[in-house]
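Novice: I'd like to go over a predicted model; first the sequence, then the structure.
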Amino acid sequence: MREVTQRDTTDGQLREAPGTGPDEQERPDGQERPDEQEQPDGRAVLGTARRLVVKVGSSSLTVRGKGLDHERLDALVDVLAARQAAGTQVVLVSSGAIAAGMTPLGLRRRPRDLSTQQAAASVGQGILMARYTQAFARHGLQVGQVLLTTEDLVRRTTYANARRTLWRLLGLGVLPIVNENDTVANDEIRFGDNDRLAALVAQLVQAEVLVLLSDVDALYDGPPNRPGAARVPLITGPDDLQDIQLGSAGAAGVGLGGMVTKVDAARIASVSGIPTVLTSTDLAGQALEGKDVGTWFRAADRRPAGRLLWLAHATRPAGRLVLDEGAVAAVVERRMSLLPAGVIRVEGRFSAGDPVDLVDESGRSVARGLVSYGSSELPPLLGRSTRVLAKRLGAEYQREVMHRDDLVLLRHRSIAKRTRNT
């Protein structure tokens, strides 16, 4: 096996091994990677960025009880089309499918049950894409729909497929419109909000900036409607968020997001080496020009490799493996694969290929990875060497429980006070 080394991100959130995912392969369009070039500091990058990911929330596209707001959608499309015409590749991550489907189905409020949400998304996604297709066609632009679930982005094959599709669309001059595949996603595999999805898509296409648009013009040091609340123009790292109270409400009452999910998305992007600007949809044009609007989240200095970042941020572990002290040291300090001999206990139910957390004997998560065995297979193997297992059970058991190329090391740190203020 090839040697694998690790590098740390500046905020201490994540460490991963470079050279282990599809992002290390040759880019489908033959262009060099953005991180191979010198990156300008601050908002100046907005004016020169070759590739942007822009996320817009449901509250910015809809009117309560009336479905899509065509004027607001057209105004956003005009801004994005102008930027695309100027030579920047744009990927749009758009919420709004469920909201768009509510009016045709006679639903006055966002449904709470998953099956009705999926039905509304099924109806609304077609309406939303038809409207985007029409709006971008006014500028001579072709759009392409890309629907994703968490599972698409953690397994090797589907991750590479999603990446390849997005790169090919960009190479063909098509503007991809990404949304969570609400019609098939369930509580276990869904992203839960498109802010985080946008951050992961930005990492996938190696965008130079992530733009998060909503009905709030910036991050404030308290609830925006509270007298004396002040805009926070710049976030340089997690410490800047310690005393900030994050709200959760969207004005239209149709979205899942809120400021918490936007800050989380900015954190994920920052770990990926991608700066983020957070502002209102009405200020999108000014934001893309690099003007001092909204809140600018400075990126970490280093841009880690790809797939394992998704594993850390896009997945919910299906179970846990409790490791002895020696196995923890092997995985964390020596960056080795996990063998059956170092596993003390199996917790939860999972299948081979599922994401599973590795924890020490105190219960602290130290890593997450894709397991090679199902939970029902593992108990008889624990504490035994692969050589003994191969001799007794066959050569197929002479393999790791988790290969080092399929795991990412985790370190946890609180980034903000998550209070729910209205």
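Specialist: Perfect, I can see it now.
Novice: Just give me the neighbour total for the residue lying closest to Leu204 once chain neighbours are set aside.
Specialist: Closest residue to Leu204 apart from its sequence neighbours, by C-beta to C-beta, 6 or more residues apart in numbering: Arg163 at 5.4 Å. C-beta here means a position set from N, CA and C on the backbone, and glycine is covered the same way. When neighbours are counted by other C-beta atoms under 10 Å, Arg163 registers 23.
Novice: Let me see the mean pLDDT of the helix or strand hosting Leu73.
Specialist: The secondary structure element spanning Leu73 is helix 70-85 (assigned by DSSP states H and E). Predicted confidence along helix 70-85 averages 95 (mean pLDDT).
Novice: picking that back up, state the distance from the residue nearest to Leu204 to Arg316.
Specialist: Distance of Arg163 to Arg316, computed by C-beta to C-beta, to the nearest Å: 21 Å.
Novice: Then Asp69?
Specialist: 33 Å.
Novice: Next: Leu76.
Specialist: From Leu76 across to Arg316, the span is 31 Å (C-beta to C-beta).
Novice: hmm, back to that, between Asp69 and Arg316, tell me which one has more neighbours.
Specialist: In terms of neighbours (other C-beta under 10 Å), Asp69 is the more surrounded of Asp69 and Arg316; the figures are 17 against 14.
Novice: Touching, that one and Thr62? I think so.
Specialist: Yes. In this structure, Asp69 is within contact of Thr62 by C-beta atoms under 8 Å, at 5.9 Å.
Novice: quick one: pLDDT of Ala312?
Specialist: With respect to pLDDT, Ala312 scores 77.
Novice: what kind of secondary structure is it in?
Specialist: For Ala312, the reduced secondary structure class is helix; criterion used: DSSP: H, G, I helix; E, B strand; the rest coil.
Novice: again with Ser351
Specialist: Reducing the assignment at Ser351 to three states with three-state DSSP gives coil.
Novice: For the nearest residue in space to it that is not next to it in sequence, what is the enclosing helix or strand?
Specialist: Distance criterion C-beta to C-beta, 6+ apart; nearest residue to Ser351, sequence neighbours excluded, is Gly374 at 4.7 Å. Under the criterion of DSSP H and E, Gly374 resides outside all helices and strands.
Novice: OK, contacts around Gly374?
Specialist: Gly374 makes contact with Phe350, Ser351, Ala352, according to C-beta atoms under 8 Å, 6 or more residues apart in numbering.
Novice: how about a cut-off of 10 Å?
Specialist: Each residue near Gly374 by C-beta atoms under 10 Å, 6 or more residues apart in numbering is listed here: Ala318, Gly319, Val346, Arg349, Phe350, Ser351, Ala352, Gly353, Asp354.
Novice: Can I get these in a markdown table including pLDDT and neighbour count?
Specialist: Below are those laid out as a markdown table (pLDDT from 0 to 100; neighbours: other C-beta atoms under 10 Å):
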| residue | pLDDT | neighbour count |
| --- | --- | --- |
| Ala318 | 89 | 18 |
| Gly319 | 94 | 18 |
| Val346 | 95 | 23 |
| Arg349 | 93 | 11 |
| Phe350 | 92 | 21 |
| Ser351 | 89 | 13 |
| Ala352 | 88 | 12 |
| Gly353 | 84 | 17 |
| Asp354 | 86 | 20 |
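Novice: Pull the most distant pair out of those residues.
Specialist: Using C-beta to C-beta, the contacts of Gly374 reach their maximum pairwise distance at Val346 and Gly353, which is 15.6 Å.
Novice: follow-up on the earlier one: in terms of secondary structure, what does the helix holding Leu73 contact?
Specialist: Taking 3 or more C-beta pairs under 10 Å, 6 or more residues apart in numbering; DSSP states H and E as the contact definition, the neighbouring helices and strands of helix 70-85 are strand 51-56, strand 62-63, strand 89-94, helix 114-137, strand 175-180, strand 209-214, helix 284-288.
Novice: Now do that helix against strand 89-94: the angle between them, please.
Specialist: Between helix 70-85 and strand 89-94, the angle formed by their directions is 160 degrees, by axes from the mean of the first three to the mean of the last three C-alpha atoms, to 10 degrees.
Novice: any idea of the angle helix 70-85 forms with strand 175-180?
Specialist: Inter-element angle recorded for helix 70-85 and strand 175-180: 130 degrees (by the same axes, to 10 degrees).
Novice: Now do helix 70-85: distance to the chain's middle.
Specialist: Using C-alpha atoms, centre = their mean, to the nearest Å, we find the averaged C-alpha position of helix 70-85 to lie 24 Å away from the chain's own average C-alpha position.
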